[in-house]
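Enquirer: quick one: sequence and predicted model below, then my questions.
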Amino acid sequence: MTMLRAERVTLGYGRRPVVHDVSLDITGGGVGLIGESGSGKTTLARAFLGLLSPISGNIWYRGQNLKKADLRAFRKDVQPVFQAEALDPRMRVGRSIAEALPRTARARVGELLEQVGLDPALADRRPHQLSGGQRQRVVIARALAVGPRLLILDEPTSALDVTVQARILDLLASLETERLLITHNLAVVERLCRTSHVLFAGRVVESGPTSELLANPAHPYTRALRDAVPKLGGAPPEAASAPGGRTEAVPAATGCPFRLRCPLAVPACEQAPVARDVAGRQVACHRAEDVLSI
Amino acid sequence: MSTQGGQVIEVRDLQVRYGGRLVADVPELDVGAGECVAIVGESGSGKSTTLLSLLGLTENAEISGQVRVCGVDVLTASPKALRQIRGARAALVMQSPQAALSPATRLGVLMRRALKLHGRPATDEVMARALETVVLDREILRRYPHEISGGQAQRFAIALAIALGAEVVLADEPTSALDVTVQAEVVGVLRRLRAERDLALLLVSHDLALVSTIADRVLVMKDGAVVESGPAAEVLAEPSHPYTRELLEALP
């Protein structure tokens, strides 16, 4: 069953839209939202948490329009996990977790700390007395306290050292709770999400099974992202550039937003592409077939 | 003073202490012209302290050993001698250069001032050429620091180093706050400058994958100590220290 669904959602601040006409489903196996700075991924997360109403379009939670849904139940079911700065610095972490629990279940704090791989004795510490990885585990324990159905994870490991990140990813992969993961890190998505959506300039440019999407991208931006990730012992990362060496980071205002730095751009790209089925996924690119055959 | 034997940075038995506590212990570190050496490690490993101590920028630290940068003995040099290499012959690029740029000064004014300060001709032509090497439009000189992106800011910092005639760039996590596609641009610029100008590069990074693609040699640091060092290809393909192995295995 689709837990959360965005249907032609446009989001923005004031009158300026930053997410355009996005449709996507959050179903089993983990869903990834991949994007760089300014792609609109965190704005979408806010909408999925019910913190931002769409300018147009609808968000459905278990078949119910979020505008009319029981927000009390919704807020218990859908829990955010952001970067670990989200802890009250003055509060002992045990109390931070207990706050989320019913009064009669406060004894579960120790159990939750154990579930996320922490010594229950750490409950008496304040956030600054813990390491970054420990703090992130506390944030996850607090999210799990209410028994959520869905975790919305926004860059949960980006601020952590790699060895710490690896252990937090192990923890997240072991949880049975459904997840939406928002990140710029392709490797993390590959690990935790069966399906992924790639965002560029507020639009979903490619959606499909994560492994296929990364192994053989059908959108030039997905390809550019993948090729820019340095690989151990590999060639230096390559910047995508249009013919003439242009690596314009600014999206085009009309037509395909990626066309200014797309190596495959043709005059047809001045018309905005519509998402279509290509090789088992949804791709918004006039030249998807050519990208696949590179 | 000239650089001897092509070594731009020469470090022997460097120890940096804060309040008696040893935070960085580097027995040997050499960077030659046109070479890229990377110091890798996690938070608190002492990698940034090592980098800053090479330019005499560690305040309140007790430092011992020998450090020569562009031929200047950093630990015994006068403040004046230090100022002459800092920023000019040995340029520092930090994680967030925007934070280091004066927020109320246009980039053009800033670049002109830096050139004059170091006794260089501050002509439009010199500035335009420096910007060209990092693929930035001259138009950026009219902007304020908050009006440019992170990738542009890093490229501007590198352009400034080039305009000042830098022989070595010391960079502390220069791309870790950037998007991967932007990181690729900045790395591309640094690689080209190495090849074209024999620029030496000392890079501090936590990203082993990135380091493996651009560094000739690496030093792996943990808790202030160098646990392993050698040619990047060897260290990363066949690590001999368990911590290096742990770092490599942790790569997602």
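Expert: Here it is on my side, so go on.
Enquirer: quick one: average pLDDT of whatever helix or strand B:A153 lives in?
Expert: In this assignment (DSSP states H and E), B:A153 forms part of helix B:150-163. The pLDDT scores in helix B:150-163 average 90.
Enquirer: show me what it is packed against.
Expert: strand B:90-93, helix B:97-100, helix B:107-117, helix B:124-133, helix B:180-197 (3 or more Cβ pairs under 8 Å, 6 or more residues apart in numbering or on different chains; DSSP states H and E). The way it works is simple: take the backbone N, C-alpha and C, and place the C-beta from them, glycine included.
Enquirer: mean pLDDT for these: which is lowest?
Expert: Among the helices and strands packed on helix B:150-163, helix B:97-100 scores lowest, at a mean of 76.
Enquirer: that helix near chain A anywhere?
Expert: No. Helix B:97-100 does not reach chain A (Cβ under 8 Å from any Cβ of the partner chain); its nearest approach is 13.3 Å.
Enquirer: which of the residues in that helix are buried?
Expert: B:P97, B:Q98 (16 or more other Cβ atoms under 10 Å in any protein chain shown).
Enquirer: okay, that helix in CSV with CA atoms only?
Expert: The C-alpha trace of helix B:97-100 is given here as CSV (Å, rounded to 0.1, in the frame of the first residue of the first chain):
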residue,chain,number,x,y,z
PRO,B,97,36.0,30.9,1.8
GLN,B,98,32.9,33.0,1.9
ALA,B,99,33.3,33.2,5.6
ALA,B,100,36.9,34.5,5.1
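Enquirer: show me the shaky parts of chain A.
Expert: Along chain A, the model assigns pLDDT under 70 to residues A:84, A:240-249.
Enquirer: which residues of it fall in helices?
Expert: Along chain A, counting by DSSP state H, helices occupy A:41-48, A:71-77, A:93-98, A:108-115, A:132-145, A:162-174, A:186-192, A:210-215, A:220-228, A:288-292.
Enquirer: ok now stretch B:91-105, how far from the chain's centre?
Expert: Mean C-alpha position of stretch B:91-105 versus that of the full chain (Cα atoms, centre = their mean, to the nearest Å) differs by 13 Å.
Enquirer: number of nearby residues for the closest residue to chain B within the stretch 1-150 of chain A?
Expert: Of all residues in the stretch 1-150 of chain A, the one sitting closest to chain B is A:E36 (3.8 Å; Cβ to the nearest Cβ). By other Cβ atoms under 10 Å in any protein chain shown, 20 other residues sit near A:E36.
Enquirer: quick one: B:T213 from B:A114, how far?
Expert: As defined by Cβ to Cβ, to the nearest Å, B:T213 lies at a distance of 31 Å from B:A114.
Enquirer: re earlier: tell me the angle the helix holding B:A153 makes with helix B:107-117.
Expert: Relative orientation of helix B:150-163 versus helix B:107-117 (axes from the mean of the first three to the mean of the last three Cα atoms, to 10 degrees): 20 degrees.
Enquirer: what's the closest non-adjacent residue to A:G12?
Expert: A:V18 (5.1 Å; Cβ to Cβ, 6 or more residues apart in numbering or on different chains).
Enquirer: so how many other residues sit close to that neighbour?
Expert: 17.
Enquirer: surely it touches A:L199?
Expert: No. At 10.5 Å, A:V18 does not count as touching A:L199 under the criterion of Cβ atoms under 8 Å.
Enquirer: got the contact list for A:P230?
Expert: A:P236, A:P237, B:Q183, B:V187, B:D207, B:A209, B:L210, B:S212, B:T213 (Cβ atoms under 8 Å, 6 or more residues apart in numbering or on different chains).
Enquirer: if I look at it, how far off is A:I26?
Expert: 30 Å.
Enquirer: can you map out the strands along chain A?
Expert: A:4-13, A:16-26, A:31-34, A:56-61, A:64-65, A:78-81, A:150-154, A:178-183, A:195-200, A:203-209, A:276-278, A:281-283 (DSSP state E).
Enquirer: ranking those strands by burial, who's on top?
Expert: strand A:31-34 (a mean of 28; mean count of other Cβ atoms under 10 Å in any protein chain shown).
Enquirer: listing partners with orientation, what would you give for that strand?
Expert: The sheet places strand A:31-34 alongside strand A:178-183 (parallel), strand A:195-200 (parallel), with pairing taken from DSSP bridges.
Enquirer: now render the ones you listed as TSV, adding distance to A:D77.
Expert: Formatted as TSV, the strands paired with strand A:31-34 follow (distance: least, Cβ to Cβ, whole Å):
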stretch	distance to A:D77
strand A:178-183	10
strand A:195-200	20
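Enquirer: before we move on, the earlier item: isn't the residue of the stretch 1-150 of chain A closest to chain B up against B:A184?
Expert: No. With contact defined as Cβ under 8 Å, A:E36 does not count as touching B:A184 (11.6 Å).
Enquirer: closest to the centroid, which residue in chain A?
Expert: The residue lying closest to the centre of chain A (Cα atoms, centre = their mean) is A:I182, at 1.3 Å.
Enquirer: so which elements touch the lowest-mean-pLDDT helix or strand in chain B?
Expert: Lowest mean confidence among the helices and strands of chain B (mean pLDDT, DSSP states H and E): helix B:97-100, at a mean of 76. If you count contacts as 3+ Cβ pairs under 8 Å, 6+ apart, helix B:97-100 packs onto helix B:150-163.
Enquirer: CA atoms only: put the helix it packs on into CSV for me.
Expert: Extracted C-alpha coordinates of helix B:150-163, given in CSV (Å, rounded to 0.1, in the frame of the first residue of the first chain):
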residue,chain,number,x,y,z
GLY,B,150,30.2,28.1,-2.8
GLY,B,151,31.9,26.7,-5.9
GLN,B,152,32.5,30.2,-7.3
ALA,B,153,33.9,31.3,-3.9
GLN,B,154,36.4,28.4,-3.9
ARG,B,155,37.4,29.1,-7.5
PHE,B,156,37.8,32.8,-6.6
ALA,B,157,40.0,31.9,-3.6
ILE,B,158,42.2,29.8,-6.0
ALA,B,159,42.2,32.7,-8.6
LEU,B,160,43.5,35.0,-5.8
ALA,B,161,46.3,32.6,-5.0
ILE,B,162,47.2,32.4,-8.7
ALA,B,163,47.2,36.2,-9.1
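Enquirer: can you give me the angle that helix makes with helix B:124-133?
Expert: 130 degrees.
Enquirer: picking up where we left off before, Throw the helices of chain A into JSON lines and include distance to chain B and mean neighbour count, thanks.
Expert: Below are the helices of chain A laid out as JSON lines (distance: least, Cβ to the nearest Cβ, whole Å; neighbours: other Cβ atoms under 10 Å in any protein chain shown):
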{"stretch": "helix A:41-48", "distance to chain B": "12", "mean neighbour count": "22"}
{"stretch": "helix A:71-77", "distance to chain B": "28", "mean neighbour count": "14"}
{"stretch": "helix A:93-98", "distance to chain B": "20", "mean neighbour count": "22"}
{"stretch": "helix A:108-115", "distance to chain B": "22", "mean neighbour count": "18"}
{"stretch": "helix A:132-145", "distance to chain B": "7", "mean neighbour count": "23"}
{"stretch": "helix A:162-174", "distance to chain B": "4", "mean neighbour count": "17"}
{"stretch": "helix A:186-192", "distance to chain B": "4", "mean neighbour count": "20"}
{"stretch": "helix A:210-215", "distance to chain B": "12", "mean neighbour count": "18"}
{"stretch": "helix A:220-228", "distance to chain B": "4", "mean neighbour count": "23"}
{"stretch": "helix A:288-292", "distance to chain B": "16", "mean neighbour count": "17"}
